[in-house]
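In: Please find the sequence and the predicted model below.
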Amino acid sequence: MVDPAYVQTMARYNAWQNKSLCDAADLLDDEARWRDRGAFFKSIHGTFNHVLWADEVWLSRLIGTEKPPIGGRDSVTYFKDWAEFRHHRAERDAAIIAWSETVEHAWLRGTLIWYSGAAGREMGKPRALAIAHLFNHQTHHRGQIHAMLTAAGTKPEDTDLFLVDEPR
């Protein structure tokens, strides 16, 4: 069940995993981060960009933050500069954690209505489901990033959710 504690735990998990993967990606040069590795969004950097872009789209729907200035097809090139991406990713992760601390049970029971570019129509779903999707989407694509980083010779941290608040 999606409740405020779930949202807070997943927000912390998101930030931890993004930092771990970004730290591992720091060990690669730009060419290696942008190399087509056969993933859905082709490269490590492109997949990172897509996840950040999607986080911003979903947060704009959920809490009214600013939408990304580009559409979904361009999400892989959202931030071309690695340092700029890292800075923006860290800022967004901090914002997601801050937002998670404000989520209340009653708000989660409401319905989210938005226009879906992917579906080509207006959608309505429970907010709790939209939030579960936000975090599931991140985890799915970070798994791809983890695999690409490992294949590229780096060693990201473990991804187990139960380790999120453990000292490392």
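Out: Alright, I've got the coordinates.

In: C-alpha only now, for contacts and for neighbours.
Out: Will do.

In: what about the strands in this structure?
Out: For the chain, the strands defined by DSSP state E cover 111-116, 121-126.

In: just those strands: most buried one?
Out: Of all these, strand 111-116 carries the top mean neighbour count, a mean of 14, counting by mean count of other CA atoms under 10 Å.

In: which other helices and strands contact that strand?
Out: Other helices and strands packing on strand 111-116, by 3 or more CA pairs under 8 Å, 6 or more residues apart in numbering; DSSP states H and E, are helix 44-63, strand 121-126, helix 127-151.

In: residue farthest from the centroid of this structure?
Out: residue 106 (24.7 Å; CA atoms, centre = their mean).

In: for the helices and strands packed on strand 111-116, which one sits closest to residue 31?
Out: For the helices and strands packed on strand 111-116, the distance to residue 31 is smallest for helix 44-63, at 9.7 Å, taking CA to CA.

In: List of residues touching that closest one?
Out: Helix 44-63 is contacted from outside by 25, 33-35, 37, 40-41, 65-68, 72, 75-79, 82, 85, 89, 92, 112, 114, 127, 130, 134, 137-138, 141-142, 144-145, 148-149, using CA atoms under 8 Å, 6 or more residues apart in numbering.

In: buried set for that helix?
Out: 44-59, 61-62 (16 or more other CA atoms under 10 Å).

In: Over to stretch 94-109?
Out: Residues of stretch 94-109 classed as buried: 94, 96, 97, 100, 108 (neighbour count, 16+ other CA under 10 Å).

In: End to end on that stretch, go ahead and measure it.
Out: 24 Å (CA to CA, to the nearest Å).

In: Pull the distance from it to the chain's centre.
Out: Mean-position distance between stretch 94-109 and its chain equals 16 Å (CA atoms, centre = their mean, to the nearest Å).

In: Alright, that wraps it up for me.
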